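Student: test case, fold it:
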Amino acid sequence: MAASSHAATIGLPFTRMVTIHWEAAGVPLTDMAKATGRFTDLMAKALARYGCNTAWVWTHENGAGKGGHCHLLAHVPANLVSYLTALQRGWLRRITGQPYRARVIRSKPIGGRLGMEVGIPDLHAVNLEAALAYLLKGADPEVAFQFGLKRLEPGGRIIGKRCGTSQNIGAKARRTQTSNCNHASK
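Tutor: Coordinates of the predicted model:
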């Protein structure tokens, strides 16, 4: 939640929710974290070619009937969504070494409409809160209570990292930003 807030503070609010079903793509559970890292790296490099930065947060889940998958919230400027989504299937082929399989990736604007973060920021904030709550559904019950999360589900067995953020909104970046702000006010 702090990473999401920081993303908005630095001008990179989450605008897309991407779900990648790594198991359906042929990626074993042991390689899911590496595959997600490669995907976010390709996404960041593609956006950088257009002079854009991005920020993201992701979580891995697994379980009977749903298999190993990743939920990713990311900042993608509305004018680059078509460009980026056109590349995603190719990235999956590069990552998995296999042809793209139907329904492996699902990418939607948060709030259901491109540019909502600018056009209707209050509605975007409500939808972003719902998307974050969905990502956090595997939280510990005590933490969920602390943050007012209502939906809880087990996240299943994961090998490697369960969740992560881009460096620009991670804990170190947030501490540095806070420290810089405190220093500037002295």
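
Student: neighbours around Ile10, how many?
Tutor: Neighbour count for Ile10, taken as other C-beta atoms under 10 Å: 15. Any C-beta I mention is one placed from the backbone N, CA and C, and that applies to glycine too.

Student: what sits against the closest residue to it other than its chain neighbours?
Tutor: Setting aside the residues directly before and after it, Ile10 is nearest to Asn168 in space (C-beta to C-beta, 6 or more residues apart in numbering), at 6.7 Å. Counting by C-beta atoms under 8 Å, 6 or more residues apart in numbering, Asn168 touches 10, 12, 53, 55.

Student: pretty sure the last one sits against Phe14.
Tutor: Yes - because the distance of 7.3 Å satisfies C-beta atoms under 8 Å, Ala55 is recorded as touching Phe14.

Student: common neighbours of these two, please.
Tutor: Where contact means C-beta under 8 Å, 6+ apart, the residues bridging Ala55 and Phe14 through contact with each are 7, 74-75.

Student: for Ala2, what are its contacts?
Tutor: Counting by C-beta under 8 Å, 6+ apart, Ala2 makes contact with 171, 174.

Student: can you give me phi and psi for it?
Tutor: With angles defined as degrees, to the nearest 10, Ala2 shows backbone torsions of phi -70, psi -40.

Student: quick check, pLDDT for it.
Tutor: As summarised for this prediction, Ala2 has a pLDDT of 83.

Student: strands of this protein, start to end?
Tutor: Here the chain has its strands, by DSSP state E, at 16-20, 56-61, 69-74, 105-109, 163-165.

Student: direction included, what does the last one pair against?
Tutor: When pairs are called by DSSP bridges, strand 163-165 turns out to pair with strand 56-61 (antiparallel).

Student: for the strand it pairs with, list the C-alpha coordinates in CSV.
Tutor: Coordinates of the C-alpha atoms in strand 56-61 are reproduced here as CSV (Å, rounded to 0.1, in the frame of the first residue of the first chain):
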residue,chain,number,x,y,z
TRP,A,56,4.9,-1.8,-10.4
VAL,A,57,4.0,-4.1,-7.6
TRP,A,58,3.3,-7.8,-8.0
THR,A,59,2.3,-10.9,-6.1
HIS,A,60,2.5,-14.6,-6.9
GLU,A,61,-0.3,-17.0,-6.1
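
Student: what residues does that strand touch?
Tutor: With C-beta under 8 Å, 6+ apart, strand 56-61 has contacts from 3-4, 7, 14, 32-33, 36, 40, 43, 68-75, 135-136, 138, 155-156, 158, 160-166, 169.

Student: centre of the chain to stretch 64-71, how far?
Tutor: What separates the centre of stretch 64-71 from the centre of its chain is 15 Å, taken as C-alpha atoms, centre = their mean, to the nearest Å.

Student: ends of that stretch, what's the gap?
Tutor: With C-alpha to C-alpha, to the nearest Å as the measure, stretch 64-71 spans 17 Å from end to end.
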